[in-house]
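Asker: I'll drop the sequence and a predicted model, then ask my questions.
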Amino acid sequence: MTDILDKFIENAKQSVQEGYYDVPENKCKKVSLKKRLGNSFTLITEIKHASPAGEYSFNNIDVNKTSQSFLANRADAISVVVEPKAFRGNLMNVPIAKKTGLPVLLKDFIFCEEQIQAAKNVGADAVLLVVKVTARMNVDLDELIGTAHSNGLEVLLETYDNEEMKTALGTNAEMVGINNRDLRTLKVNLNKTKEICETVELDRPLISESGVKTTEDVCFVRAAGANGVLVGTAIWKAADPGAKIRELKSAGSGY
């Protein structure tokens, strides 16, 4: 049965075929996301033009102004969604976000070397790889991680259940993530982070992704074992995005 993830994967294949990832190299200084995670509880904000779950959609975002606002309001890193079809992303938003000096994570449905090369060329510090995507496409996960490393990129490896987390912890990915949103249905369950953390012994930084909206949510996933959170929708839907960033950051910092 076809689900939403199949559509995302099909979009990614088309984007590769259309040459979307053929971009010139933009050399810039690398900043380690892993090191940032090791220093304190980390808040990763996100540049994402549209939510496929229908939660929001923007025709135009001033990426430079938004990135600088993230920095000014104490975000620790910036995730940039570059998928162009469902999420309206753009690879060229990465070098703009890099101007902040914060670590930049490139998010996409990555399955091949062309996408990894593009991430390097636009100056990303890390890439998101998704266990479910590589499994569904029969891609060698270890080889893909190796390709990222050979291009100077750190890897945040996303999981959704216990088995995927066990797979992730058997790789050389620097960081692991738990997506509280089911990519097949787009439904969110914040308990996913707690459930998975209770069944595995983590040996590297963990990011809880999706569904974090309040200070209580931050405290919940931190208590469960997360070293940081990746928040997009709650910030973009807030009446005062800067205040929401400060609120979530303060909850994670414990003050």
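Answerer: Good, I have the coordinates. Numbering: from 1, shown residues only.

Asker: who are the contact partners of Val23?
Answerer: 91-92, 118, 121-122 (C-beta atoms under 8 Å, 6 or more residues apart in numbering). (Glycine included, C-beta is placed from N, CA and C.)

Asker: look at the residue nearest to Ser40 when sequence neighbours are not counted and report its pLDDT.
Answerer: In space, and not counting its chain neighbours, Ser40 is closest to Ser253: 6.5 Å by C-beta to C-beta, 6 or more residues apart in numbering. Ser253 carries a pLDDT value of 70.

Asker: thought Ser253 was touching Phe41?
Answerer: Yes. Assessed by C-beta atoms under 8 Å, Ser253 is found in contact with Phe41 at 6.1 Å.

Asker: so between those two, which is more surrounded?
Answerer: A direct count of neighbours by other C-beta atoms under 10 Å for Ser253 and Phe41 places Phe41 higher, at 18 against 14.

Asker: torsion angles phi and psi at the more buried one?
Answerer: phi -60, psi 130 (degrees, to the nearest 10).

Asker: surely it and Val221 touch.
Answerer: No. If you go by C-beta under 8 Å, Phe41 and Val221 don't touch, sitting 9.7 Å apart.

Asker: how much space between the residue nearest to Ser40 and Glu164?
Answerer: 29 Å (C-beta to C-beta, to the nearest Å).

Asker: now do the helices in the protein.
Answerer: Remark: helices assigned in the chain by DSSP state H are 4-17, 33-39, 63-72, 93-98, 113-121, 131-136, 141-150, 162-169, 191-197, 215-224, 233-236, 241-253.

Asker: pretty sure Asn179 contacts Ser210?
Answerer: Yes. Asn179 is in contact with Ser210 according to C-beta under 8 Å; the separation is 5.5 Å.

Asker: what do those two both touch?
Answerer: Here Asn179 and Ser210 have no joint contacts, going by C-beta under 8 Å, 6+ apart.

Asker: what's the burial count for Asp182?
Answerer: Neighbours around Asp182, by other C-beta under 10 Å: 18.

Asker: need the contact list for the closest residue to Val82 other than its chain neighbours.
Answerer: Excluding its sequence neighbours, the residue lying closest to Val82 (C-beta to C-beta, 6+ apart) is Gly89, at 4.1 Å. Residues in contact with Gly89, defined by C-beta under 8 Å, 6+ apart, are 47-49, 80-83, 108.
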